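**Student:** Task: produce atomic coordinates for the following.
(one chain, ligands or ions: 2)
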Amino acid sequence: MTEQDVLNALKGVKDPELHRDLVDLGMVKDVRVGSGTVDLTVNLTTPACPLKAQIEREVREALTSRLGTGIEIRIHMGAEVRGKGLAEKGDIKGVKNVIAVGSGKGGVGKSTMAAAIAYGFKMYGSRVGLMDADVYGPSIPHLVGASARPMARGDRILPIETDGLKLMSMGFLLEPDRAAVMRGPMLHGILTQFLHQVEWGELDYLVIDLPPGTGDVPLTLAQTLPLTGAVVVCTPQAVALIDAVRALSMFRQLKVPILGMIENMSGEIFGQGGAKRKAEELGVPFLGEVPLQVAIREKGDAGVIRDALADGAPSRPHLLAIVEKLAGQISVQNLMAPKFPKLEILN
Ligand SMILES: Nc1ncnc2c1ncn2[C@@H]1O[C@H](COP(=O)(O)OP(=O)(O)O)[C@@H](O)[C@H]1O
Ligand SMILES: [Mg+2]
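**Tutor:** Ligands and ions are numbered 1, 2, ... in the order given. You can find the predicted model right below:
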């Protein structure tokens, strides 16, 4: 038996989300055939893969049915987050995926979700950055309990690090209680600096918290770098969904792929299921629901939004399910052919 026999035996075993052969996707690595043993590594496209156990089982079944039962099969499950493969103008060196979190209006929990998603990716073992693009109303520093001043190294800006996340926000640059008063061109300059002058290092995911609505910032972002895609956060009631649809329309116009919608604050007060139905109607992935829970608000207020994902927290299963679904959509987006046409990147 050779390594090639092992790879042939795996023909037809597909990634359940990407619908393509594991071998063709280059996910099967380090095949070693010994006497009576086969060792191999399956490198998933994200550590936040909920289908890990299923994939491992299918690989084992394919190998035992085609190679016989007398062989000891040792499968090592690993993960390596992928980017889109080809370098493009505007890419941030070392950053594989840039995900914008937007909404049609404020107060829907967009910053809370952006921070929770960043912590979620981190918990699965990915390298994560969180950039606050809400220049006029930065709230990321408060949510994660960070209040340092970024340092410069030469012409590079060093991000603030908290809980292993790399952070940048206008909130780190302004005096507390000071408003950022500026016009469009200055805003453009700040965002460009946040993206291209901050020393993000090697990141699997850079999550960007957008300001509410369909203004200057998303436009500037879409023109400054190729985004992996956007997430739209909304609340369940019909009135709020109108704004969410507007945000989706904006991302479509900006040629930013839509990774999915999140329904936040779902429950008795605002209702439930509205965003899911809307997502289905519009052919957009639905990433999940987060209930309206006092604890989420309290953790955000106390600067420990990471605790919303802690063991035993009632919000944890909801948030992790969203993170897994989103990670899957990012992998799908990166492997999708033909490539999504992009807005022309300026400068
Ligand atoms: N699922 C939730 N349950 C309870 N409170 C929430 C939830 N999501 C967000 N909040 C609270 O709602 C308020 C607005 O959230 P925020 O993330 O700042 O919204 P946005 O960034 O969309 O303006 C905050 O006080 C936050 O703690
Ligand atoms: Mg916000």
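
**Student:** Do me a favour and average the pLDDT over the helix ranked longest in the chain.
**Tutor:** Determined from DSSP state H, the single longest helix within the chain is helix 316-335. For helix 316-335, the per-residue pLDDT values average out at 96.

**Student:** Could you do stretch 214-223 as well?
**Tutor:** The average pLDDT for stretch 214-223 rounds to 90.

**Student:** Restricting the selection to alpha carbons, write it to CSV.
**Tutor:** Provided in CSV are the C-alpha atoms of stretch 214-223 (Å, rounded to 0.1, in the frame of the first residue of the first chain):
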residue,chain,number,x,y,z
THR,A,214,-25.0,53.1,5.0
GLY,A,215,-22.6,56.0,5.2
ASP,A,216,-19.1,56.9,4.4
VAL,A,217,-17.3,54.2,6.3
PRO,A,218,-18.5,51.1,4.6
LEU,A,219,-17.9,52.8,1.2
THR,A,220,-14.3,53.7,2.2
LEU,A,221,-13.6,50.3,3.5
ALA,A,222,-14.9,48.6,0.3
GLN,A,223,-12.7,50.9,-1.7
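
**Student:** Need the residues that contact that stretch.
**Tutor:** For stretch 214-223, the external contacting residues (Cβ atoms under 8 Å, 6 or more residues apart in numbering) are 100, 102, 104, 133-135, 184, 187-188, 191-192, 195, 208, 210-211, 227, 230, 246-247, 250-251, 254-256, 343-346. C-beta: built from backbone N, CA, C; applies to glycine.

**Student:** Okay, and Glu161 sits in which element?
**Tutor:** Following DSSP states H and E, one finds Glu161 within strand 160-162.

**Student:** Tell me the residues of the stretch 101-250 of the chain that contact ligand 1?
**Tutor:** For the stretch 101-250 of the chain, the residues in contact with ligand 1 (Cβ under 6 Å from any ligand atom) are Ser103, Gly106, Gly107, Val108, Gly109, Lys110, Ser111, Thr112, Ser139, Pro212.

**Student:** Going through the residues you listed, which ones are buried?
**Tutor:** Ser103, Val108, Gly109, Lys110, Ser111, Thr112, Ser139, Pro212 (16 or more other Cβ atoms under 10 Å).

**Student:** Can you narrow those down to the ones near ligand 2?
**Tutor:** Ser111, Ser139 (Cβ under 5 Å from the ion).

**Student:** how about the nearest residue to Ala9 once chain neighbours are set aside, phi and psi?
**Tutor:** Distances taken as Cβ to Cβ, 6 or more residues apart in numbering put Arg66 closest to Ala9, at 3.9 Å, once the chain neighbours are dropped. Phi and psi for Arg66, reported as degrees, to the nearest 10, are phi -100, psi -20.

**Student:** One more: Gly106?
**Tutor:** Gly106 adopts backbone torsions of phi -80, psi 170, taken as degrees, to the nearest 10.

**Student:** how close does it get to Tyr136?
**Tutor:** Counting by Cβ to Cβ, to the nearest Å, the separation of Gly106 from Tyr136 is 10 Å.

**Student:** for stretch 255-264, what is the average pLDDT?
**Tutor:** Stretch 255-264 shows a mean pLDDT of 96.

**Student:** Check stretch 122-136 too.
**Tutor:** Averaged over stretch 122-136, pLDDT sits at 96.

**Student:** Kindly report the same for stretch 32-47.
**Tutor:** For stretch 32-47, mean pLDDT is 95.

**Student:** likewise stretch 174-186?
**Tutor:** The average of the pLDDT scores along stretch 174-186 is 81.

**Student:** what sits up against that stretch?
**Tutor:** Stretch 174-186 has contacts (Cβ under 8 Å, 6+ apart) with Val135, Tyr136, Pro138, Met170, Ile190, Asp216.

**Student:** how about that stretch: buried residues?
**Tutor:** Going by neighbour count (16+ other Cβ under 10 Å), the buried part of stretch 174-186 is Ala180.

**Student:** Also stretch 25-33?
**Tutor:** Buried residues in stretch 25-33, counted by 16+ other Cβ under 10 Å: Leu25, Met27, Val28, Val31, Val33.

**Student:** Same check on stretch 10-27?
**Tutor:** So, applying 16+ other Cβ under 10 Å, buried residues of stretch 10-27: Leu10, Val13, Lys14, Asp15, Glu17, Leu18, Asp21, Leu22, Val23, Leu25, Met27.

**Student:** before we move on, what about stretch 276-287?
**Tutor:** In stretch 276-287, counting by 16+ other Cβ under 10 Å, buried: Lys276, Lys278, Ala279, Val284, Pro285, Phe286, Leu287.

**Student:** quick one: which of those is nearest to ligand 2?
**Tutor:** Nearest to ligand 2 out of the buried residues of stretch 276-287 is Leu287 (Cβ to the ion; 18.0 Å).

**Student:** what residues does the stretch 101-250 of the chain put near ligand 2?
**Tutor:** The stretch 101-250 of the chain comes close to ligand 2 at residues Ser111, Ser139, as judged by Cβ under 5 Å from the ion.
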